[in-house]
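> when you get a sec, could you give me coordinates for this:
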Amino acid sequence: MISHLQDTVTLNNDVEMPGFGLGVYKVEDGKTVVHAVKAALKYGYRSIDTASFYDNEGGVGQAIGESGIPREELFITSKVWNDEQGYESTLEAYERSLKKLGLEYLDLYLIHWPVKGKYKETWRAMEKLYNDGRVRAIGVSNFHIHHLEDLLKDSRVQPVLNQVEFHPHLSQVELREFCAKESIQLEAWSPLKRGQLLDDLTLSEIAKKHGKTTAQIILRWNVQSNVITIPKSITAERIKANADIFDFSLTEADMEKINAMNINDRAGTNPDSYDL
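A predicted model of the protein is given here:
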């Protein structure tokens, strides 16, 4: 379990990744994303998660360049989108992302969704990028157990990470157990269930006891569950508050109450609900 904002988790290829970072899904490119990333870096964040689909890699890159922080101190993630998947198109997509970000390499590159009939070819391209030293680590996003089992049958490089929807209403118990067995780190997107959990009575009671917000309680639960988390915000105050979770601990009883909230309910799309 990480104990401070810049503490890291060691992935299965021995690359160290910060256990807490900033996500920029649906953050408008330009001034908005530049301001958010700069605020996060100012407050000590060192991990930024973007994607081709977010259409804000340019602003993320601008903020990184203007921050003055040495590149080797940062951990930058991006993802290949659905219509970019396939062997050659993934290699081309990676180059586009690097160009927009203004970087020479990524720390982590993910398959955004398991596109049927394509994600294995996409993975083969990502293995090439990894073996050629173009990216420090490769992983997946929104993969169920059966997707991972299928991928692992033919893969030569083990995914280091699976980024999925994860929050108290969707604690992904079986997936977490599978990933732990395969040494695949779980990472949470939408840890606050897009704001739907902020007025929950159970969480509010725990928050009151600790003198914290419900958002901070959820994010602390993530940390104590050993799940990397990347909450999104565009306001400096909330970006700072989201990281103010390392001065207290949830009790075992608190953790059990939050764990019991799981109802397998999603705010986002189930990868199996439509034909990707």
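> in the helix ranked longest in the chain, what's buried?
Criterion DSSP state H: the longest helix present in the chain is helix 87-101. Residues of helix 87-101 classed as buried by neighbour count (16 or more other C-beta atoms under 10 Å): 87, 89-91, 93-94, 97-98, 100-101. Every C-beta, even on glycine, is put in place using the N, C-alpha and C of the backbone.
> quick one: T50 and N56 touch, right?
Yes. Between T50 and N56 there is a contact under C-beta atoms under 8 Å: 6.2 Å.
> what residue of the chain is the furthest out?
Distance from the C-alpha centroid of the chain peaks at K209, with 28.7 Å (C-alpha atoms, centre = their mean).
> and V157, that one's in a helix?
No. Using DSSP: H, G, I helix; E, B strand; the rest coil, the secondary structure at V157 is coil, not a helix.
> report the contact partners of it.
V157 sits next to 126-127, 130-131, 138 when contact means C-beta atoms under 8 Å, 6 or more residues apart in numbering.
> before we move on, what about E187?
161-164, 166, 227-230.
> over to E165?
142, 172, 188-190, 266-268.
> from Y87, how far off is it?
28 Å (C-beta to C-beta, to the nearest Å).
> check S273 too.
27 Å.
> same deal with A63?
The spacing between A63 and Y87, counted by C-beta to C-beta, is 32 Å.
> could you say which helix or strand holds the residue nearest to E88 when sequence neighbours are not counted?
Leaving aside its chain neighbours, E88 sits nearest to A125 (7.4 Å; criterion: C-beta to C-beta, 6 or more residues apart in numbering). Using DSSP states H and E, A125 sits within helix 119-131.
> for the helix or strand just after that helix, packing partners?
Next along the chain after helix 119-131, taking DSSP H and E as the criterion, comes strand 138-141. Helices and strands touching strand 138-141, as assessed by 3 or more C-beta pairs under 8 Å, 6 or more residues apart in numbering; DSSP states H and E, comprise strand 108-111, helix 119-131, helix 145-154, strand 161-165.
> burial measure for the residue nearest to E88, as a count.
When neighbours are counted by other C-beta atoms under 10 Å, A125 registers 23.
> same deal with G195?
Count around G195 with other C-beta under 10 Å applied: 10.
> per-residue confidence for it?
Per-residue confidence (pLDDT) for G195: 94.
> got it, and the one 4 residues further on?
Among the per-residue scores, D199 holds a pLDDT of 97.
> tell me which residues touch it, please.
D199 neighbours (C-beta under 8 Å, 6+ apart): T214.
> surely it is within a strand?
No. Going by three-state DSSP, the assignment for D199 is coil, not a strand.
> from G58, how far off is it?
Distance of D199 to G58, given as C-beta to C-beta: 36 Å.
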